[in-house]
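S.K.: build the 3D model from these lines:
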Amino acid sequence: MKSDLPLVDFELNGTAVKAVEGDTILEAARRAGVAIPHLCHKDGYRPDGNCRACMVEIAGERVLAPGCCRAVTPGMKVRSDSERALKSQRLVLELMLADMPEQGSKWTDGSGSEELPLPLPGERSEGPGGGEGALPAPGQHGELSEWAARLGVTARPALKALRRDQPAPDLSHPAMAVNLDACIQCKRCVRACREEQVNDVIGYARRGAESIVVFDLGDPMGDSSCVACGECVQACPTGALMPRTLIGSQQVDREVASVCPFCGVGCLVTYKVRDGKIVAVDGRDGPANRSRLCVKGRFGFDYAHHPHRLTKPLIRRDGVAKDGNVLRDPARWSEVFREAGWDEALDFAAGKLKALRDAHGPKALAGFGSAKGTNEEAYLFQKLVRTGFGSNNVDHCTRLCHASSVAALLEGVGSGAVSNQVKDIEHSDLIIVIGSNPTSNHPVAATWMKNAAKAGTRIVVADPRATEISRHAWRTLQFKADSDVALLNAMIHTIIHEGLANEEFIARRASNYEALRERVARFSPEAMEGVCGIPAATIREVARAFATARSAMILWGMGVSQHVHGTDNARCLIALCAVAGQIGKPGSGLHPLRGQNNVQGASDAGLIPMMFPNYQRVDNPAAHAWFEQFWGTKLDRQPGYTVVEIMHKALAPQSDPHKVRGMYIVGENPAMSDPDLNHARAALAALEHLVVQDIFMTETAWLADVVLPATAWPEKTGTVTNTDRMLQLGRQAIEAPGEAKPDLWLIQQMARRMGLAWNYAGPDAGVAAVYEEMRQAQHAAIGGISWERLEREGSVTYPCLREDDPGQPIVFVDRFPTPDGRVKLVPAGIVPADEQPDAAFPFVLITGRQLEHWHTGSMTRRSAVLDAIEPVATACLCGADIEALGLVPGQPIRVRSRRGEVALQVRRDDGTAPGSVFIPFAYAEAAANLLTNAALDPFGKIPEFKYCAVAIEPVAA
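M.R.: Down below sits the predicted model:
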């Protein structure tokens, strides 16, 4: 019960009870430990009151009232256990049971080609007498059977004879089964789809006895516009909608609380485990997701059980050259590698690295860590490189996604993390979403944006592509690719020159304002509309709205950061927020949406070549001295090489004293993720010794000398940090296959063989011990978050400096963590992309992710559901360009750049601007990064993934 809300006294079943003001009778009864039947109600959803199972009797009222949508009032006298109330409750349950299919009926796809038994009794997430997580009694029809058993209700044969005819079951979707024969029309699924996730797929059609739940215009679920978030499945109380993996039995051996292993939103999940395998996933009521999930989080779990899993250490066979062929059949690994025992593999892996270090010096080695693993793994890996390899040549995928954002944020506001959490947009009058496609890349975060839009928040979408979130936008600014600075400077110009700047905020909390004002004076909307393609009047309208909003927030993605001017783009966003005073308060601030599940945490832990943990520069004398003392060893004083620089150094001549000769790669796949892949693959093949630690034979692993089988996310315990600065605990749900070992154990074994006397004792390969050491290194951020607290609370937001500190979801309230406490405004000018279209390469290539696939596809393309939904590499073109090129959707085409070419299928997408093409980068057989440009932002050292020149031509039959 929330102590800060007024309390209401009322009487329930003859007992005096206190309720929170605004509570419904059902909510108040639950708090008091009184169970009232309910089927259409679900925690967090709008009350609907249509199932009438929760009817109660209120003294002085003629008719019964639904407890789920009737608010408690002072002095109210309620009985849920009176004869009249119980009779009504039982009647409703009996009528619903009578309309249920018989046990032993079959699911079918309607053609008779597939028959499976109906779901059997099982545990559901919500049951009688309890909230989320209660363990109900068994029943064939989920919560309906559970409540019926509790109230002693059975369906009479006479009522069974009155069952209405129902549509045939629908198994057209690869993830979900639909059996409307079990539907009680509670409309939970409708609210789940239309009000929670705001996907607007599920509706309610017809009237009376003919009423029915439908998908789009009555389409089969698999043919509808469903994005497979599965919210309807989790909401359904009877199993009318359910995961296909649970058809036949919903019984599980155990449920394990953990965190989703995919994007940076950090959704909390519950793994359902049977016979040692994950069979389903539910969303948990976590602070970032409130039980919501997307298709990856809910249905992408089976990658961990894929037959391609590495189960034994592998060593490259003598005489098998690294020929650059990374598209081999993973099942034929024995053509390249032989199995080895752990001692042999580890001795060889670490011994050769040590020999290269001793012969050529510390700069001869480098390490790539992973943002897909835990904070503890990231911390220990960077410590190994710095103290064992002897250099700062350590990096990870943040270099390829938000390095420029972090560079600008550290420079401007003194912190690389977000100022406000995504869900804080519920307090925003206006939000700008720029360079991001959240419905595909951060789907649960996108639901909060859509919810906010429905509640009246104005969304401005600024992007070269008109994506799905544009459907909910107040204004869409589809600017020309590569013109971010022109658009943003024009907005800043408008705010300053129309007298809308927050002069009080600027005078008190900003520096270098005069230089900014002088720079943007030349960037009037009228001067920039031809550059960015947005009418001057629209630029001014949006700028005025942002400046005058009570609260406004900017969220951005890799469309901002992955340019040679990515740091300048982020500098402009910081300046835009600052001149309007839109930072340091609820609903206002800066939020770079993190791509992978632990990009934020891996960066915090020091997996960056120029930063120790907690963003302390390696060339800062005080920080350097502190870490030398903390780790008890001498450390390199010079920043290390970044991802792309390491590849260049791997191809350096033998005479180069800083040539990189050996690498240790944990959970990264640079043979797919780096720009200009022909160059990157050649660099990896040129290494004298490459150690790859992963769960699959990735494209990078084919170029290794030693492959160490590691653990998938559900097989380990550890922490991750999401895009909201929430430090969250994931727990092991299943065992690793074969001889695969925990990543943390492997890193320690490599360290010992490199000469480091490490001994992190304790369960889970010493996770807690590593965490507590990492906490000391990051004391200024997570000092108040002990391992015991994480085990108790599961999720804590930082900064958090004391055990009793609840954490700070909003930062920069009073000052910025800069030397003078002010935000530094850094002017930016127009810097063109490194490569421009011409007659030979007339199109602009934009790369990115799809909803169903993630990162390099090594995990999601081994998920049966995800690969079934999106099995083929596609290139998105607008209809006008498809027609002009003489193509048709689905036709094979070839896309060429100055660096490589790929073959894929055309997909029509009129949100893609004329003259541009969008290609996702998760498909090894058509790797977009064969085309992309390795040109770097000079500050963030991030490659220009979002802009290069390409040509498009049909593939000859």
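S.K.: how about the strands of the stretch 701-850 of the chain, start to end?
M.R.: Assigned by DSSP state E, counting those that start in this stretch, the stretch 701-850 of the chain shows strands spanning 706-709, 718-721, 726-730, 795-797, 823-824, 843-848.
S.K.: let me know which of those strands is the nearest to Ile469.
M.R.: strand 843-848 (13.5 Å; CB to CB). (Glycine included, C-beta is placed from N, CA and C.)
S.K.: just checking: what are the partner strands of that closest one?
M.R.: strand 916-920 (parallel), strand 948-954 (antiparallel) (DSSP bridges).
S.K.: those into CSV, with extra columns for mean neighbour count, mean pLDDT and distance to Val259?
M.R.: Output for the strands paired with strand 843-848, formatted as CSV (neighbours: other CB atoms under 10 Å; pLDDT from 0 to 100; distance: least, CB to CB, whole Å):
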stretch, mean neighbour count, mean pLDDT, distance to Val259
strand 916-920, 24, 97, 25
strand 948-954, 20, 97, 35
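S.K.: any idea which of those gets closest to Lys454?
M.R.: That would be strand 916-920 among the strands paired with strand 843-848, by CB to CB, at 27.8 Å.
S.K.: so Ala625 sits in a strand?
M.R.: No: using DSSP: H, G, I helix; E, B strand; the rest coil, the secondary structure at Ala625 is helix, not a strand.
S.K.: got a pLDDT number for it?
M.R.: Looking at Ala625, its pLDDT stands at 97.
S.K.: how close does it sit to Cys577?
M.R.: 35 Å (CB to CB, to the nearest Å).
S.K.: can I get the strands paired with strand 843-848 in JSON lines with distance to Asp482?
M.R.: Output for the strands paired with strand 843-848, formatted as JSON lines (distance: least, CB to CB, whole Å):
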{"stretch": "strand 916-920", "distance to Asp482": "10"}
{"stretch": "strand 948-954", "distance to Asp482": "10"}
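S.K.: mind checking these for the one nearest to Ile942?
M.R.: Across those, closest to Ile942 is strand 948-954 (CB to CB), at 14.2 Å.
S.K.: contacting residues around the closest one?
M.R.: Residues outside strand 948-954 that contact it (CB atoms under 8 Å, 6 or more residues apart in numbering) are 833-838, 840-845, 875, 877, 885-887, 891-898, 917, 931-933.
S.K.: give me the buried entries from those.
M.R.: 833-835, 837, 841, 843-845, 875, 877, 885, 887, 893-897, 917, 931-933 (16 or more other CB atoms under 10 Å).
S.K.: contact partners for the nearest residue to Val320 once chain neighbours are set aside?
M.R.: Spatial nearest neighbour of Val320, chain neighbours left out: Val336 (5.3 Å); criterion: CB to CB, 6 or more residues apart in numbering. Contacts of Val336 were listed using CB under 8 Å, 6+ apart, and they are Arg316, Arg317, Val320, Arg328, Trp702.
S.K.: write the ChimeraX selection for whichever of these are buried.
M.R.: This is the ChimeraX syntax for the buried subset of those, where burial follows 16+ other CB under 10 Å:
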select :316,702
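S.K.: mind listing the strands for the stretch 301-450 of the chain?
M.R.: Under DSSP E, counting those that start in this stretch, the stretch 301-450 of the chain gives strands at 314-316, 337-339, 365-368, 394-395, 430-434.
S.K.: and for the stretch 451-600 of the chain?
M.R.: 458-462, 475-477, 510-511, 552-556, 589-592.
S.K.: strand partners of the fourth one, parallel vs antiparallel please.
M.R.: Strand pairing for strand 552-556, determined by DSSP bridges: strand 430-434 (parallel), strand 589-592 (parallel).
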